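Undergrad: Sequence first, then the predicted structure:
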Amino acid sequence: MTNIKNLFIPFFLIAISILNVVTFKDLHHDSNDSSLSSSEEEKIENLSKSLLYDLNIKDEESTNNTIVAHQVQTVQQLRQQIARIRQQIRISTVRFNRRLQRLRRQFRQQRIRLQRQFRQRYNNEKSLLQEEIDATRKRYENLIKQATSTVASTTTTTTGSTTSTTTTTTTTTTTSTTTTTSTTTTTTTTTSTTTTSTTTTSTTTTSTTTTSTTTTTAGG
């Protein structure tokens with residue numbers, strides 16, 4: 001509203017000055033008054049020009065004032081916007097830090113939970129494997145014991161049978177010899193009985209020698 005008034009006042013003053021000049025010239029020509037000289041007309045024109053000049057200066061000052069006020073308002077708006085943006089940045093930073101802390105806390109808890117689960121599973125698997133290893137070791141030891149006892153019993157049986165067989169063979173040989181000797185003895189029965197006794201003693205000695213040979217075979 002003040003800007004409209006400031007713009008309207010110069011035009012109003014210009015119109016008044018023009019009307020004054022026109023009316024003054026009309027009166028001058030109509031009355032044919034020669035009392036007014038050209039110097040007075042020049043004074044009036046100079047006065048009108050000075051008025052117009054003053055009005056132009058005031059107009060420029062008013063426009064400059066409006067421009068300065070507009071600039072001040074713009075600067076204030078920019079400052080308000082900057083303050084608002086800074087506040088938004090501050091709020092966003094606080095929210096981001098809170099969210100980051102929450103995510104870090106969740107990640108830490110998740111990592112601890114995963115470590116605990118991994119440790120429990122590792123211990124369970126380790127215990128199961130240890131049990132399987134112990135069972136396999138016991139089974140292997142039992143198999144070794146069974147194999148050792150079987151080999152020992154088999155060796156003893158073989159040795160015994162070998163000894164028996166050897167003894168039997170020796171006995172047969174001795175019997176054959178005895179038979180032969182008996183035949184000889186039968187032939188000379190009348191001659192002497194002492195010879196028969198000697199033959200029996202020889203047979204006993206042969207049996208003892210055969211037993212020693214059997215022990216050597218068992219060791220092989």
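TA: Good, I have the coordinates.
Undergrad: pLDDT of stretch 74-93, averaged?
TA: Across stretch 74-93, pLDDT averages out at 89.
Undergrad: Hmm, I typed the wrong one, I wanted stretch 106-124.
TA: Rounded mean pLDDT across stretch 106-124 is 93.
Undergrad: and it, C-alpha only, in CSV?
TA: Extracted in CSV, the C-alpha atoms of stretch 106-124 (Å, rounded to 0.1, in the frame of the first residue of the first chain):
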residue,chain,number,x,y,z
GLN,A,106,21.9,-56.9,17.5
PHE,A,107,24.9,-58.0,15.5
ARG,A,108,26.9,-58.5,18.8
GLN,A,109,24.1,-60.6,20.3
GLN,A,110,23.7,-62.6,17.1
ARG,A,111,27.4,-63.3,17.0
ILE,A,112,27.5,-64.4,20.7
ARG,A,113,24.5,-66.7,20.0
LEU,A,114,26.1,-68.2,17.0
GLN,A,115,29.4,-68.7,18.9
ARG,A,116,27.5,-70.5,21.7
GLN,A,117,25.6,-72.7,19.2
PHE,A,118,28.8,-73.6,17.4
ARG,A,119,30.6,-74.4,20.7
GLN,A,120,27.7,-76.7,21.8
ARG,A,121,27.5,-78.4,18.5
TYR,A,122,31.3,-78.8,18.4
ASN,A,123,31.3,-80.4,21.9
ASN,A,124,28.4,-82.7,21.0
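Undergrad: Give me the contacts around that stretch.
TA: Outside stretch 106-124, no residue is within contact range by Cβ atoms under 8 Å, 6 or more residues apart in numbering. All C-beta spots, glycine's among them, are computed from the backbone N, C-alpha and C.
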